[in-house]
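Student: next comes the sequence, and after it the predicted model I'd like to discuss.
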Amino acid sequence: MHDQEAIQMMARCSSEIKHLRAEIERLAPKAKAYEDISALIRFLPHGAGIASTEDLAWVLAKRIRELTEAAKPSAEAAQ
C-alpha cells in the first residue's frame, strides 16, 4: 500500500467514525425515551390498556379451516 492510499483510507475511516459518533449522539435521546417507556410499561398490569391486534396468521388459518369444513358437505353431496 502506498502512502497516498493509506492516507485516503485513514481519512475515510476517520470520517466514518465521526459520522457514526454524530449519529449515536442524535439517536441517544430516542434510545433514552424508549428505555423510559419500556420501564413504565413493565409497571402496568399485563394487558391493561394495551390494545393488541389479532394475529394475522391465526386469523387466516382459522378462515381456511372454516372454508374447508364448509366445502366438505357440498363435496360429499356432489359424489
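Tutor: Noted; the coordinates are in hand.
Student: which SS state does Glu54 fall under?
Tutor: coil (DSSP: H, G, I helix; E, B strand; the rest coil).
Student: what's the distance between the helix or strand hosting Glu5 and the middle of its chain?
Tutor: Using DSSP states H and E, Glu5 falls within helix 3-43. With C-alpha atoms, centre = their mean, to the nearest Å as the basis, helix 3-43 stands 20 Å off its chain's centre.
Student: need the next SSE after it, C-terminal direction.
Tutor: Counting by DSSP H and E, the element after helix 3-43 in chain order, helix or strand, is helix 56-78.
Student: alpha carbons of that following helix, as PDB, please.
Tutor: In PDB, the C-alpha atoms belonging to helix 56-78 read as follows (Å, rounded to 0.1, in the frame of the first residue of the first chain):
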ATOM      1  CA  LEU A  56     -53.000 -12.400  11.100                       C
ATOM      2  CA  ALA A  57     -51.600 -15.900  10.600                       C
ATOM      3  CA  TRP A  58     -54.100 -17.200  13.200                       C
ATOM      4  CA  VAL A  59     -57.000 -15.400  11.500                       C
ATOM      5  CA  LEU A  60     -56.000 -16.800   8.100                       C
ATOM      6  CA  ALA A  61     -55.600 -20.300   9.400                       C
ATOM      7  CA  LYS A  62     -59.000 -20.100  11.200                       C
ATOM      8  CA  ARG A  63     -60.700 -18.900   8.000                       C
ATOM      9  CA  ILE A  64     -59.000 -21.700   6.000                       C
ATOM     10  CA  ARG A  65     -60.400 -24.200   8.400                       C
ATOM     11  CA  GLU A  66     -63.900 -22.700   8.200                       C
ATOM     12  CA  LEU A  67     -63.900 -22.700   4.400                       C
ATOM     13  CA  THR A  68     -62.500 -26.200   4.300                       C
ATOM     14  CA  GLU A  69     -65.100 -27.500   6.600                       C
ATOM     15  CA  ALA A  70     -67.900 -25.700   4.800                       C
ATOM     16  CA  ALA A  71     -66.700 -27.200   1.500                       C
ATOM     17  CA  LYS A  72     -66.800 -30.800   2.800                       C
ATOM     18  CA  PRO A  73     -70.600 -31.200   2.900                       C
ATOM     19  CA  SER A  74     -71.000 -29.800  -0.600                       C
ATOM     20  CA  ALA A  75     -68.200 -32.000  -1.900                       C
ATOM     21  CA  GLU A  76     -69.700 -35.100  -0.300                       C
ATOM     22  CA  ALA A  77     -73.200 -34.200  -1.700                       C
ATOM     23  CA  ALA A  78     -71.700 -34.000  -5.200                       C
END
